[in-house]
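Student: Okay, sequence plus prediction incoming.
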Amino acid sequence: MKRASQMGFLLCFLGILAAVPLLIALRGADNQTSYYENRTLAAMPEYQTADLLSGAYFSAWDTWLTDHIPSRDRLLGLNTQIDYRLLQKPVVNDVVVAADVLLPFQTYGTWDLAYLAETADQVTEGLARLNETLEAWGGRFYYLGVPLQSSYFYDRYPDYLENRKWHVDGMTAAFAASMEEKGLDFLNMGDVFAAQGRPAGCYSASDHHFSYRGAFASYQAMMAHINADTGWNLPVLTEEELTIVPAPNPFLGSRNRKLYGLWTGAEKLSIGVQAAPVPFTRTDNGAPVPATLYELPEDPAAEVTYDVYMGGDKAETILRTDRPELPNLLIFGDSFTNPLETLFYTGFNETRSLDLRYYDQKGILEYLEEYRPDVVICIRDDTAYLSTEGNGNIR
């Protein structure tokens, strides 16, 4: 009887294993990404003998089946509604619903941070090589560090939840010390915002980025820093020359996205309107595109995400203003660069922006040798200072 039950269970499992791919094929939907989770779904496992023997092959199938089961988004959305609206849990889908902001859930536990100094030195060695490359033609390198939204709002976590401030502060301190030791220029906007009392409106309530106002403050601080360092007197937009206005569209922030848009807060995405717009041409990934800074739908009722700024992450974007009397700029970094591109370009002849998570034609050092920019700014958030992946991969 027991053997028959085991055989029945095995046949049931094999039936599901065969049925799910068939159902996925029949529905004909794009099942490579999850919009609300904002991630790539698991790929179908490839057979490897070693994985079969270790059990990893079956684990991979379990992950794949979980990711691709039909009506998965509907089921997850229903479960989210139950947790968020009915049960009113303080943490839903790893999002902390804290008063008027949404924050990421942080795991509990502390550990020794002595290793951070060595890790920081490994990261800054790459940045030192980049700086040495630039110095060959008199170029300047600056690192603009910005808080992640959860760092900016660390005090909004309930007392019974971990905010990981101790860890982020440790990474920031180790990175700053190593940058100073190597003579590298590091502007920490965390310190700037802290000195200002972490003003309201600089960070999104429902997204992990800063708001456009926070981006504008970071741009002004960086431009003032460059002008003080070089004496170039580059043009810098003032509050009189740039009006920050809310976009009409409903905004789906990255954290609210994980809640399937159920968050009850009303937050708008803002854009900057220049009083005297600086004209430019634009190229994305080697192809000319319309000279736009914001990608807004014609329908004001259509939902928008942070991709409004520059159309989201691009491997390479070039903005040219045809003012050869001004220096050329190269920015590289993650999605925090996107709203900053709409501002920095106004003070330079040419502004190139690279996202090394997607740009793979050549390493950044070779790229610098080819285009020889006058200024390079690396822009990363405080949780990524010690990462050598993506935009931390200096080669």
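Tutor: Cool, got the structure. Numbers count the residues shown, from 1 in each chain.
Student: Against Gly286, how distant is the residue nearest to the spatial centre of the chain?
Tutor: In the chain, the C-alpha closest to the average C-alpha coordinate belongs to Ser335, at a distance of 4.1 Å (C-alpha atoms, centre = their mean). Distance from Ser335 to Gly286, counting by C-beta to C-beta, to the nearest Å: 21 Å. Just so you know, the C-beta spots here come from the backbone N, C-alpha and C atoms, and that holds for glycine as well.
Student: Now the phi/psi pair for Cys378, please.
Tutor: phi -90, psi 130 (degrees, to the nearest 10).
Student: let me redo that: Ala98
Tutor: Per-residue torsions, Ala98: phi -110, psi 100 (degrees, to the nearest 10).
Student: swap in the one 5 residues further on?
Tutor: The main-chain torsion angles of Leu103 are listed as degrees, to the nearest 10 and equal phi -130, psi 160.
Student: The residue nearest to Gln81 when sequence neighbours are not counted: how many residues sit nearby?
Tutor: Spatial nearest neighbour of Gln81, excluding adjacent residues (C-beta to C-beta, 6 or more residues apart in numbering): Leu262 at 6.5 Å. Neighbourhood size, Leu262 [other C-beta atoms under 10 Å]: 16.
Student: Need the three-state assignment for Leu262.
Tutor: coil (DSSP: H, G, I helix; E, B strand; the rest coil).
Student: What separation is there between it and Thr133?
Tutor: Counting by C-beta to C-beta, the gap from Leu262 to Thr133 is 48 Å.
Student: Could you do Leu102 as well?
Tutor: 40 Å.
Student: Neighbour count: those two, which is higher?
Tutor: Between Leu102 and Thr133, Leu102 has the larger neighbour count (other C-beta under 10 Å), namely 29 against 20.
Student: So, low pLDDT: which residues of the protein?
Tutor: Applying pLDDT under 70 to the chain flags residues 1-31, 34-39, 51-53, 62, 65-69.
Student: Do a quick rundown of the helices in it.
Tutor: For the chain, applying DSSP state H gives helices covering 2-27, 49-54, 56-68, 72-81, 116-135, 149-152, 165-181, 189-195, 212-230, 254-258, 337-344, 364-371.
Student: export the ones you listed to TSV and tack on distance to Glu303?
Tutor: Converted to TSV, the helices of the chain look like this (distance: least, C-beta to C-beta, whole Å):
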stretch	distance to Glu303
helix 2-27	24
helix 49-54	40
helix 56-68	24
helix 72-81	15
helix 116-135	37
helix 149-152	20
helix 165-181	31
helix 189-195	29
helix 212-230	18
helix 254-258	10
helix 337-344	18
helix 364-371	35
